[in-house]
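Q: Need the 3D shape of this:
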Amino acid sequence: MKIALTIDHLIAREHSTAIFEEIMGLYKDAEIWTIVHNEGAVLGPIEMRKIHSSFLSHKVKDKKKFKKLSFLVPSAANKLFIPCSFDLIINISTGLSHGIKKCKETKQITYLYDFNLLKDETITGKIFKGYLKKWSLNKIKQSDLLLTSSKFLNQSLGLNGKVVYPFFKLEDFPLIPSTHWKHDFFVINGEGLTLKAANELISYLKKDNQKYCFIGDLPKGLEIPMDLNMGNKCNGELAPLLASSKGLIHFAQSSFPQNPLKNLSVGRPLLIKDSPLNREFFENRPGVTFFSNDDLFSKMESFNTSITPEKIRATAMKYQSLGFKGQFKRQVEQFIKE
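A: Okay, the predicted model is just below:
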């Protein structure tokens with residue numbers, strides 16, 4: 001069977017890229033089609049494959065430019081034709097690549113990881129947002145098998161995909177016991193945090209003499225001392241930081257909550273914003289406390305740190321790469337047999 005692999009873009013390494021790379025390893029001879037490819041931007045085995053891309057590759061060199069030209073994606077996807085000689089297309093999509101033109105006879109399996117459609121907040125982006133969404137949802141109908149990353153994604157888009165949860169590098173976040181750690185500071189993930197909420201939280205922490213630090217991208221305009229801004233750390237640095245903390249405070253609702261899972265993996269408790277998607281991953285799990293806009297501070301005061309790290313880690317254990325690949329491969333093989 002001749003297989004083609006497709007993905008939205010290859011211009012920046014993201015979690016969807018890591019998923020694509022794992023699946024690519026299952027199909028050694030498969031060629032790649034993508035709407036935009038910036039050669040050398042995604043290092044590793046992907047660049048060793050034959051890669052086909054659209055005319056947008058000559059116009060786009062980064063995500064910012066891709067957002068600005070997102071209104072051209074339908075045209076680019078229509079001109080990027082996958083030959084009829086291919087029997088099956090395996091697509092990893094964040095809302096765009098499932099629309100790449102194909103023959104009617106060629107079967108397509110789409111794994112819809114996200115539906116952010118580049119989240120362009122420019123005037124042009126807002127004008128074309130409805131058009132791009134309508135095009136994307138119409139094109140997803142050309143998938144013969146639809147897999148999605150969460151039940152929430154199905155519900156929010158009115159889809160009926162089979163859920164296969166993503167993975168993260170669990171092996172990079174083991175339990176790291178140490179008698180030297182006091183577990184006396186909170187790690188705050190800047191993702192999803194507004195400037196107002198950040199300043200209110202900092203004010204509360206200072207009044208309570210509670211130690212803290214931030215990770216990730218901070219709200220624009222937030223001013224904090226350099227030693228409290230840890231930025232975007234690699235796994236090797238993030239794991240001991242989380243493991244030595246009192247716990248993680250997480251405000252975002254992302255397609256796949258990597259940082260909260262990494263925190264649980266090293267055995268530390270989690271304070272997370274209440275939302276339907278976060279509930280799907282963390283409801284009734286040991287060491288997890290949900291908070292709303294009104295009760296974060298009271299939840300921090302009663303934060304339970306007595307649960308054993310092994311029990312907390314159990315939630316993260318189901319999101320391993322081997323388990324993901326096994327589930328994905330079984331879905332593909334079952335589809336082929338049918």
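Q: Only C-alpha atoms from now on, for both contacts and neighbour counts.
A: Will do.
Q: tell me the contacts of the residue nearest the centre of the chain?
A: For the chain, the residue nearest the mean C-alpha position is Phe256 (4.5 Å; CA atoms, centre = their mean). Applying CA atoms under 8 Å, 6 or more residues apart in numbering to Phe256 gives the contacts 149, 166.
Q: Can you verify it is assigned to a helix?
A: No. Counting by DSSP: H, G, I helix; E, B strand; the rest coil, Phe256 falls outside a helix, being coil.
Q: any idea how far it is from Leu296?
A: Phe256 sits 22 Å away from Leu296, taking CA to CA, to the nearest Å as the criterion.
Q: what about Ser302, neighbour count?
A: 9 (other CA atoms under 10 Å).
Q: residues contacting it?
A: Contacts of Ser302 by CA under 8 Å, 6+ apart: none found.
Q: Do a quick rundown of the strands in the stretch 151-300 of the chain.
A: If DSSP state E, counting those that start in this stretch is used as the criterion, the strands of the stretch 151-300 of the chain fall at 162-163, 185-189, 211-215, 247-250, 270-273, 288-291.
Q: can the ones you listed go into CSV with extra columns for mean neighbour count?
A: Formatted as CSV, those follow (neighbours: other CA atoms under 10 Å):
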stretch, mean neighbour count
strand 162-163, 17
strand 185-189, 21
strand 211-215, 20
strand 247-250, 26
strand 270-273, 23
strand 288-291, 21
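Q: Format those as JSON lines; extra columns: mean pLDDT and distance to Thr34.
A: Converted to JSON lines, the strands of the stretch 151-300 of the chain look like this (pLDDT from 0 to 100; distance: least, CA to CA, whole Å):
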{"stretch": "strand 162-163", "mean pLDDT": "97", "distance to Thr34": "24"}
{"stretch": "strand 185-189", "mean pLDDT": "96", "distance to Thr34": "32"}
{"stretch": "strand 211-215", "mean pLDDT": "96", "distance to Thr34": "32"}
{"stretch": "strand 247-250", "mean pLDDT": "97", "distance to Thr34": "33"}
{"stretch": "strand 270-273", "mean pLDDT": "97", "distance to Thr34": "35"}
{"stretch": "strand 288-291", "mean pLDDT": "96", "distance to Thr34": "38"}
